[in-house]
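1. Got a predicted structure here, sequence first:
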Amino acid sequence: MMKVQQGFGRLQETVKKIEAAKIKMLMTSCSWDYLAPSSDPATFRWAYLDQLIGTVVNSTSLKVAILIDVMRYPKWLHKQHPDCNARDAGGREYRHLSWFHPAANEKALGVLQAVSKYLATKFQGRVVAIQPGYNNEYEAKFTQEYDSFQDYNVHAMALYRAYLRDQGQNVDSLNRRWGTTFKGWDQVEPPRLNAGSLTGIEESSRYWDWQHFRVSFGASVFNKACGAVKAGGLLCYHHTPEFFSVLDAMYGASLFKYLSASPNTDFIIMDSNFRTPNGQMIHPQKLRVYISAAIPYGKPVYFEAAMERYNNMSLLVNGFKASLLAGAPNLGITNWLQGGVPMDEKLTEAMQGAANPAPCAPDELVGVFIHLDSCSAWTGLQWQASSKAPLHEFIDKLAWNVTARCETDLEVHVELGRFLEAMPRFNRAVFVEPLILYGSAELKDYVRVKTALDKLPHAIFHLPTNSSRGLELKVFQDLRAAVRDEF
């Protein structure tokens, strides 16, 4: 990934170095704001894409993937839809496209399909994929600023209320479920969330109902976007940020399980900058567990090392080794034109060395279960606790534990149903007890897994809660079932 800031001559020089370093694909980006000065596709800056991608394909044999950033929308869209901006928990408005604005997002889908069709035709076989970008860090997650959750746009509120009605809820039943005193539908809204304001975990039904809606709806936005890309003729992919983090709730990290399972997703990029939000080092052992979570979905998996701020060859090599052990044989590097990792023979030698055969052959397959949704029980860094990032520290220790033997191969799952299906092929299991189960289907899968564990050598671990109450498991009744059970 790079910024074309110094002219196409510099780009040509750079892509030749990239190819010489044995890299096979270049990923670049373009924003909707820049691409579309008007709503008429005839006015799109196709000549810019021709020059940008043409420079790559005419100078090298590199394949090209491109991220189309629809979060940064053009001015004309705001004139048509002045209520299309995202809002955060504090009421701040951003010039970012709200995922919840129906009409504006329909226009974004049209742009994605048009660009896909144009590039698939113009650069057949050389431009292979598009990533739809709805996040300010080019990842498949909610954007956040000021440590405030998004999105509280008026359309988000309307869609959430419609969803609650579709589940058979009314204001009185929600008040009983949530312990609120709303007087009418116009007052019904999710909690206003800010990262770091809560020490411990969030276990209220009001929070989890919103989180469930927010993630499932967000996944539908990305899935529709990939559907538009594929309709245009190109493959579609997503960048997944590091999860198993106390920031999973704010970013909506559980999007991962929906997007990875979607037939509209052709491949997955698992990225890392080797640092936690509070600056702790992320060791390769944890990266192996994190990357391994993508393998069961059956898609090609890439590991992307974000090296633009941490130019450390040792981290890069060890991260690639972890990726190979996880089953992801493809490596990408996020780099700046100036600084960062040098694109030369040293990089090639280091990566070839990392790909040397492992010193031992696996003699066991260990199934590891970590409930991704339960990681959203934390709403941010734990500033008032002894550990600021307890979830990271727990997963880090767990990763060292399960990777201690060279001969151990891992299969990591984040969903109970998928873990249950895979259990017959495990030699033993490591099961991290979930904190939260949402609905009867998950509860049934949990019971089945616990029964199956009795027939398999296994170890049980518990997530840290930063709470003297020691919550181990809480099950939330389905919204629709909750209405049925009322008399």
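-> Received it, and whenever you're ready, just let me know what you need. Numbers count the residues shown, from 1 in each chain.

2. so who does the closest residue to L331 other than its chain neighbours touch?
-> Leaving out its chain neighbours, the residue that sits closest to L331 by CB to CB, 6 or more residues apart in numbering is F320, at 5.0 Å. C-beta: built from backbone N, CA, C; applies to glycine. When contacts are counted by CB atoms under 8 Å, 6 or more residues apart in numbering, F320 touches 303, 305, 331, 351, 354-355.

3. Make CSV out of the residues you listed and add secondary structure.
-> What follows is the contacts of F320, written out as CSV (DSSP: H, G, I helix; E, B strand; the rest coil):
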residue, secondary structure
F303, strand
A305, strand
L331, strand
M351, helix
A354, helix
A355, coil
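
4. Wasn't the residue nearest to L331 part of a strand?
-> No - looking at F320 with three-state DSSP, it is helix, so not inside a strand.

5. Quick check: it vs A326, distance?
-> 10 Å (CB to CB, to the nearest Å).

6. next one: F217
-> Applying CB to CB to F217 and A326 gives a distance of 30 Å.

7. do F274 as well
-> Distance from F274 to A326, by CB to CB: 15 Å.

8. Neighbour count for these two, which is higher?
-> Set F274 next to A326 and count neighbours by other CB atoms under 10 Å: A326 wins out with 25 against 22.

9. Can you pull the phi/psi pair for that one?
-> phi -70, psi -20 (degrees, to the nearest 10).

10. doesn't R288 make contact with it?
-> Yes - the criterion here is CB atoms under 8 Å, and A326 meets it with R288 at 4.9 Å.

11. then stretch 31-39 to PDB, C-alphas only?
-> The C-alpha coordinates for stretch 31-39 follow below in PDB (Å, rounded to 0.1, in the frame of the first residue of the first chain):
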ATOM      1  CA  SER A  31     -11.200   7.700  -2.700                       C
ATOM      2  CA  TRP A  32     -14.700   8.200  -4.000                       C
ATOM      3  CA  ASP A  33     -14.300  11.900  -3.200                       C
ATOM      4  CA  TYR A  34     -11.400  12.200  -5.700                       C
ATOM      5  CA  LEU A  35     -12.700   9.700  -8.300                       C
ATOM      6  CA  ALA A  36     -16.100  11.200  -8.800                       C
ATOM      7  CA  PRO A  37     -16.400  15.000  -9.200                       C
ATOM      8  CA  SER A  38     -20.000  14.500 -10.200                       C
ATOM      9  CA  SER A  39     -22.600  11.700 -10.000                       C
END
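
12. domain ranges for this structure?
-> 8-149+195-354, 364-484 (automatic domain parsing).

13. Give me the average confidence score over the shortest one.
-> This points to domain 364-484. Taken as a whole, domain 364-484 has an average pLDDT of 93.

14. tell me the helices in the stretch 151-300 of the chain, going along the chain?
-> Assigned by DSSP state H, counting those that start in this stretch, the helices in the stretch 151-300 of the chain fall at 154-166, 171-178, 205-232, 248-251, 255-261, 284-292.

15. The residue nearest to L331 and V115: what is the separation?
-> For F320, the distance to V115 equals 31 Å [CB to CB].

16. what does A293 give?
-> Taking CB to CB, one finds A293 at 30 Å from V115.

17. Go through stretch 437-448 and flag the buried ones.
-> Under the neighbour-count criterion of 16 or more other CB atoms under 10 Å, stretch 437-448 has 437-438, 442-443, 445-446 buried.

18. In the stretch 201-350 of the chain, where is pLDDT below threshold?
-> For the stretch 201-350 of the chain, the stretches with pLDDT under 70 are 308-310, 336-340.

19. tell me the contacts of L35?
-> 44-45, 48-49, 68, 111, 115.

20. Take those residues and keep only those in strands.
-> I68 (DSSP state E).

21. now the contacts of L35 as CSV including pLDDT, neighbour count and distance to A261?
-> Listed next are these as CSV, based on pLDDT from 0 to 100; neighbours: other CB atoms under 10 Å; distance: CB to CB, whole Å:
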residue, pLDDT, neighbour count, distance to A261
F44, 96, 20, 33
R45, 97, 14, 35
Y48, 95, 13, 35
L49, 97, 20, 31
I68, 98, 22, 23
V111, 98, 22, 26
V115, 98, 27, 25
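
22. Just name the closest of the contacts of L35 to M423, please.
-> Nearest to M423 out of these is I68 (CB to CB; 40.1 Å).

23. and that closest one, how far is that from T348?
-> From I68 across to T348, the span is 30 Å (CB to CB).

24. Quick check: which of the helices of the stretch 151-300 of the chain is nearest to E393?
-> Nearest of those (CB to CB): helix 284-292, 10.0 Å.

25. elements contacting that closest one?
-> Here helix 284-292 touches strand 267-272, strand 301-306, helix 313-326, helix 390-402, strand 408-413, going by 3 or more CB pairs under 8 Å, 6 or more residues apart in numbering; DSSP states H and E.

26. And those: which comes nearest L259?
-> Among the helices and strands packed on helix 284-292, strand 267-272 comes nearest to L259, with 7.7 Å by CB to CB.

27. Deepest-packed of the domains of the chain, please.
-> Most buried of the domains of the chain by mean neighbour count (mean count of other CB atoms under 10 Å) is domain 8-149+195-354; its value is a mean of 19.

28. Off-centre distance for it?
-> Mean-position distance between domain 8-149+195-354 and its chain equals 9 Å (CA atoms, centre = their mean, to the nearest Å).

29. May I have the residues that are in contact with the most centrally placed residue in the chain?
-> Centroid-nearest residue in the chain, with CA atoms, centre = their mean: T240, separated by 3.3 Å. For T240, the contacting residues are 139-140, 256, 259-260, 268-271, 294, by CB under 8 Å, 6+ apart.

30. Report the separation between Y302 and L435.
-> Distance, Y302 to L435, by CB to CB: 30 Å.

31. same thing with A441?
-> Distance, A441 to L435, using CB to CB: 17 Å.

32. same deal with R72?
-> Counting by CB to CB, the separation of R72 from L435 is 36 Å.

33. can you give me the strands in the stretch 51-200 of the chain?
-> Assignment of strands within the stretch 51-200 of the chain using DSSP state E, counting those that start in this stretch yields the ranges 63-69, 85-87, 93-97, 127-133.

34. just the angle between the last one and strand 267-272, please?
-> I take that to be strand 127-133. 60 degrees (axes from the mean of the first three to the mean of the last three CA atoms, to 10 degrees).

35. neighbouring contacts of strand 127-133?
-> Against strand 127-133 from outside (CB under 8 Å, 6+ apart): 25, 27, 29, 53, 57, 63-71, 108, 112, 115-116, 119-120, 138, 222, 225-226, 228-229, 232, 234-239, 266-267.
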